[in-house]
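1. missing the sequence, but the structure's below:
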């Protein structure tokens, strides 16, 4: 495992990702997703852990992250393969959280074939594709892909000390989550817009 400063930076990065993608997991974008996960005992534990991650003043320990990793893993295990349609988005958002938990706990090798930033970019590009497929436009043709690039720049400033940079990154992620949810709700409400 890395030194304490590196671990603190990794935890901050995870929390920023959870702030952005946790709402997509919990939002009810897909009836199939909610029906499946709400039957899982780990769903309540997952939601409790998510609440502590969202609270900037709470101390998040490695044990909390290991618990979150276990919970999100059991939710993802409900599907044998990536689901289609509206279930795709909460599933992939949960997968992004799982990958970042693995980054913190040391279960994701630094030399993984696909880096974490590429997974974030793939999700963003898929949302851009979903919007274009539904004939919906945002401020730019690759709005979410560009958004991830700009968020990444802010996340590079995280130092593990819960300073102003952490608060700024959390706020930017909250705003990004709102944009993702707004876009996905519009695109998935369109009968021709779901995957």
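-> Thanks, I have the structure now. Keep in mind that this is a model prediction, so the values were computed, not measured.

2. For the biggest helix by length in the chain, buried residues please.
-> The longest helix of the chain (DSSP state H) is helix 164-189. For helix 164-189, burial by neighbour count (16 or more other Cβ atoms under 10 Å) applies to 165-166, 169-170, 172-173, 176-177, 180, 183-184, 187-188. The way it works is simple: take the backbone N, C-alpha and C, and place the C-beta from them, glycine included.

3. mind listing what residue 137 touches?
-> Neighbour list for residue 137: residue 131 [criterion: Cβ atoms under 8 Å, 6 or more residues apart in numbering].

4. Against residue 64, how distant is it?
-> From residue 137 across to residue 64, the span is 40 Å (Cβ to Cβ, to the nearest Å).

5. Repeat that for residue 99.
-> Taken as Cβ to Cβ, the span from residue 99 to residue 64 is 17 Å.

6. Compare these two (neighbour count), which wins?
-> Using other Cβ atoms under 10 Å as the criterion, residue 99 and residue 64 rank with residue 99 on top: 21 against 18.

7. Residue 5: neighbour count?
-> Residues near residue 5, counting by other Cβ under 10 Å, number 11.

8. Ignore what I typed, I meant residue 132.
-> 15.

9. Which strand or helix spans it?
-> Applying DSSP states H and E as the criterion places residue 132 in helix 116-133.

10. following that helix, which helix or strand shows up next?
-> As assigned by DSSP H and E, the chain's next helix or strand after helix 116-133 is helix 143-155.

11. name the helices or strands packed onto that following helix?
-> With contacts taken as 3 or more Cβ pairs under 8 Å, 6 or more residues apart in numbering; DSSP states H and E, helix 143-155 sits against helix 4-26, helix 116-133, helix 164-189.

12. what pLDDT does the spatially most central residue of the chain get?
-> The centroid of the chain falls nearest to residue 21 when counting by Cα atoms, centre = their mean (2.8 Å). Residue 21 is assigned 97 on the pLDDT scale.

13. you'd agree it is up against residue 95?
-> No. Using Cβ atoms under 8 Å, residue 21 is not in contact with residue 95, being 9.1 Å away.
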